[in-house]
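Student: give me a 3D structure for the following:
(2 chains)
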Amino acid sequence: AQSVAQPEDQVNVAEGNPLTVKCTYSVSGNPYLFWYVQYPNRGLQFLLKYITGDNLVKGSYGFEAEFNKSQTSFHLKKPSALVSDSALYFCAVSKTGRRALTFGSGTRLQVQP
Amino acid sequence: DTGVSQDPRHKITKRGQNVTFRCDPISEHNRLYWYRQTLGQGPEFLTYFQNEAQLEKSRLLSDRFSAERPKGSFSTLEIQRTEQGDSAMYLCASSFFGSDEQFFGPGTRLTVL
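Tutor: Take a look at the predicted model:
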């Protein structure tokens, strides 16, 4: 079975400060890892993915994520937060041979001006 | 708009009634997914099609749920004899063969009274 944990229900950060949204996963075999963002009244939007290769993955809107195999983590980061980054962020995992994504419960990011 | 579309966006029904939702994927995408999202949770995988073939079903997809994709284009999700526990947002996503990125629609919010 595969699972994802997002230990923080909400993360608060001041505009201009760096942000981190945490994610840990459990899967047998090699993981495929994803971050999605959900704005109110809009569908989930893809931010970035890790399949293989460089552990630091760069994605949309200046976000990046670092894959750490030993800690089974895939934390989302951004060097300088914007108020417009405020949204609900989901980490997801799948694995080779499976198309179904398993999502975490989500972390609400609140960026204060 | 060439994204994934879902119809209706909202559905209110009484317990015991049948409901059907439609999903139109991005036109060149041959993979289509259904997920269910309840309040405060991440999306949960229900089923997946490649073209018209239903390749994977979650244990969440009880006998009251059926999904079809008869011509490999749009898909329908039917829930028979709805229960209050079926109240949720039903999300559809699509992807292109060989790509791991799933594009999500805005969802259909079901309320069972």
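
Student: mind checking how far the closest residue to chain A within chain B is from A:S105?
Tutor: Closest to chain A within chain B is B:G42: 3.1 Å, counting by CB to the nearest CB. Backbone N, C-alpha and C define where each C-beta goes, glycine included. In this view, B:G42 and A:S105 are 5 Å apart by CB to CB, to the nearest Å.

Student: next: B:Y35.
Tutor: B:Y35 is 14 Å from A:S105, by CB to CB.

Student: spell out which parts of chain A neighbour chain B.
Tutor: Residues of chain A found near chain B (CB under 8 Å from any CB of the partner chain) are A:4, A:32, A:34, A:36, A:41-46, A:49, A:51, A:90, A:92, A:94, A:98-106.

Student: with adjacent residues omitted, what lies nearest to B:G42?
Tutor: Among residues not flanking B:G42 along the chain, A:F103 sits closest, at 3.1 Å (CB to CB, 6 or more residues apart in numbering or on different chains).

Student: ok, A:Y32 next?
Tutor: Nearest to A:Y32 is A:S94, by CB to CB, 6+ apart, at 4.7 Å.

Student: which helix or strand contains the one you found?
Tutor: strand A:87-95 (DSSP states H and E).

Student: which helices and strands does that strand pack with?
Tutor: Where contact means 3 or more CB pairs under 8 Å, 6 or more residues apart in numbering or on different chains; DSSP states H and E, strand A:87-95 is packed against strand A:3-5, strand A:31-38, strand A:73-78, strand A:102-103, strand A:107-112.

Student: any idea which element A:R98 lies in?
Tutor: Short version, using DSSP H and E: A:R98 is in no helix or strand.

Student: actually A:G16, not the one I typed
Tutor: Per DSSP H and E, there is no helix or strand for A:G16.

Student: how about the contacts made by residue 5?
Tutor: Just so you know, I chose chain A. Residues in contact with A:A5 (CB atoms under 8 Å, 6 or more residues apart in numbering or on different chains) are A:23-26, A:104.

Student: that answer is for a different chain, and I need it for chain B
Tutor: Counting by CB under 8 Å, 6+ apart, B:S5 has contacts B:23-24, B:105-106.

Student: emit the ChimeraX select command for whichever of those residues are buried.
Tutor: To isolate the buried members of these in ChimeraX, using 16 or more other CB atoms under 10 Å in any protein chain shown:
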select /B:23,24,105,106
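
Student: please list which of the contacts of B:S5 also come close to chain A.
Tutor: B:105-106.

Student: and the contacts of B:S5 as JSON lines, adding pLDDT and distance to B:I79?
Tutor: JSON lines is the format used below for these (pLDDT from 0 to 100; distance: CB to CB, whole Å):
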{"residue": "B:C23", "pLDDT": "98", "distance to B:I79": "14"}
{"residue": "B:D24", "pLDDT": "97", "distance to B:I79": "19"}
{"residue": "B:G105", "pLDDT": "95", "distance to B:I79": "17"}
{"residue": "B:P106", "pLDDT": "93", "distance to B:I79": "19"}
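
Student: lovely, talk soon.
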